[in-house]
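>>> Model the structure of this input:
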Amino acid sequence: MIPYVTETPDITIPSNLLPGDGRFGSGPSKVRPAAVEALAAAAGGYLGTSHRQKTVKSVVGSLRAGLRQLFSLPDGYEVALGNGGTTCFWDAATFGLIDRRSQHLTFGEFSSKFASAAAEAPHLGHPEILASEVGTHPDPVAREDIDLYALTHNETSTGVMMPIVRPDGALAPTEGGGLVAVDATSGAGGLRVDPAQFDAYYFAPQKCFGSDGGLWVALLSPAAQDRIRAISATKRWVPASLDLSIALDNSKLDQTYNTPALATIFLFEDQVAWFNDHGGMDFSAGRCDTSSETLYTWADNSDFATPFVTREQDRSHVVGTVDLVDSVDAAVVAAILRANGIVDTEPYRKLGRNQLRIAMFPSVDPDDVASLCACINYVVGAIAG
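Predicted structure coming up:
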């Protein structure tokens with residue numbers, strides 16, 4: 001288990017080593033000050049107004065169009081959104097996206113949650129669960145009786161990313177094969193993806209998109225939309241707030257079924273516009289590429305730190321996990337960093353490893369990641385005396 005720090009050593013990191021912004025949390029993540037300033041400037045005519053009117057609907061419309069551009073969505077794909085975050089989307093998918101039986105790849109805390117939701121749904125067959133040890137990921141396997149393959153682009157708890165490809169040998173959904181649904185909560189916007197390889201790519205805005213939680217977005221292929229309509233036509237009972245057909249209909253009107261958090265939508269749209277204005281996915285994912293190269297190169301060359309994920313191709317570019325040797329207490333290091341204004345570098349609580357977990361989302365300046373590495377070196381050296 002992670003040690004409980006009763007007393008933090010009084011170590012002051014020199015100001016010239018400190019990052020410009022000390023936020024490295026894996027969610028909620030750093031929100032760009034420029035986005036907050038833009039929200040404040042627009043607040044008088046935006047916050048506290050009806051989400052059914054043009055003032056808000058135009059922002060939702062701009063968000064949907066921006067996401068379509070960012071992900072280079074083919075014709076026929078739709079951007080749907082609803083309230084409740086990814087957790088609610090898992091529940092919605094058990095009602096409105098899985099027809100009979102699903103396959104789930106589980107390799108950490110979050111990738112297992114959708115599998116649990118499907119296993120507990122009384123109207124579905126028991127899911128097939130393909131698991132692997134933390135720090136690795138399994139691969140999907142084509143099955144004739146599977147109508148939805150549930151993948152995870154980035155496992156936030158462990159810092160493992162996986163390539164998003166349809167199962168080898170699986171029929172296309174148009175030929176009777178299963179849909180590919182991807183939990184991209186911490187990967188979307190920071191990891192590249194080919195829309196041809198998924199039918200539902202869903203996420204929330206409190207990671208790469210520098211906003212708050214409580215909203216879900218799903219990029220839906222024509223096959224996924226057809227599945228949603230087909231299930232809705234069977235009259236399977238679905239709570240209205242979890243009904244994907246209702247969410248899809250409202251999204252096409254640039255609104256949500258029930259009232260959303262307007263600040264969340266504004267910050268989300270501002271982040272997407274920032275990405276697209278600077279080069280789209282090459283810009284946003286490129287920042288993550290640079291940050292992750294800096295972090296893993298430092299860890300590889302360190303005498304007290306090691307990347308937790310062994311295979312280089314599986315090391316996440318958006319959430320880095322670094323193990324420390326037993327003689328260096330990661331909890332103490334994180335506490336000293338926090339006392340110096342560098343926050344949220346603690347590991348995922350249930351993983352229980354002597355490690356640091358560092359978010360490298362697009363809002364995080366790559367130079368700040370380099371500064372963080374220097375600060376960790378300083379802290380460890382000061383502890384050693």
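
>>> Next one: H123 from T86, what distance?
21 Å (C-beta to C-beta, to the nearest Å). The C-beta positions use only the backbone N, C-alpha and C, and glycine is treated the same way.

>>> whoops, I mixed them up, S251
16 Å.

>>> Next: G44.
The value you get for G44 to T86, if C-beta to C-beta is used, is 32 Å.

>>> between the two, which one's more packed in?
Between G44 and T86, counting by other C-beta atoms under 10 Å, T86 is the more crowded of the two (23 against 9).

>>> F203 is in contact with the more buried one, correct?
Yes. With contact defined as C-beta atoms under 8 Å, T86 reaches F203; the gap is 6.8 Å.

>>> Run through who's touching stretch 232-242.
Stretch 232-242 is contacted by residues 82-84, 88, 91-92, 95-96, 123, 243-246, 257-258 when judged by C-beta atoms under 8 Å, 6 or more residues apart in numbering.

>>> same question, stretch 41-49
Here stretch 41-49 makes contact (C-beta under 8 Å, 6+ apart) with 39, 55-56, 59, 262-263, 266.

>>> Would you mind confirming that I164 is in contact with V193?
Yes. Between I164 and V193 there is a contact at 5.2 Å, judged by C-beta under 8 Å.

>>> residues shared between the contacts of the two?
153, 182, 201.

>>> how close does R100 sit to V56?
The gap separating R100 from V56 is 38 Å, by C-beta to C-beta.

>>> So which of the two has more stuff around it?
Shown here are R100 and V56; by other C-beta under 10 Å, V56 has more neighbours (22 against 11).

>>> Remind me which helix or strand that one belongs to.
helix 54-70 (DSSP states H and E).

>>> Checking the nearest residue to S251 once chain neighbours are set aside next. Helix, strand or coil?
The shortest distance from S251 to any non-neighbouring residue, by C-beta to C-beta, 6 or more residues apart in numbering, is to A80 (4.3 Å). Secondary structure state of A80, per DSSP: H, G, I helix; E, B strand; the rest coil, is strand.

>>> Give the full set of residues in contact with the residue lying closest to D194 once chain neighbours are set aside.
Once flanking residues are discounted, D194 sits nearest to I164: 7.2 Å by C-beta to C-beta, 6+ apart. For I164, the contact set (C-beta under 8 Å, 6+ apart) comprises 151, 153, 180, 182, 193-194, 197-198, 201.

>>> does the residue nearest to S251 have beta-bridge partners, and which?
Beta-bridge pairing for A80 (DSSP bridges): A218.

>>> what about it, neighbour count?
A80: 26 neighbours (other C-beta under 10 Å).

>>> What of D300?
Other residues close to D300 by other C-beta under 10 Å number 12.

>>> Got the phi and psi for it?
phi -60, psi -30 (degrees, to the nearest 10).

>>> if I look at it, how far off is H123?
On the measure of C-beta to C-beta, D300 and H123 end up 49 Å apart.
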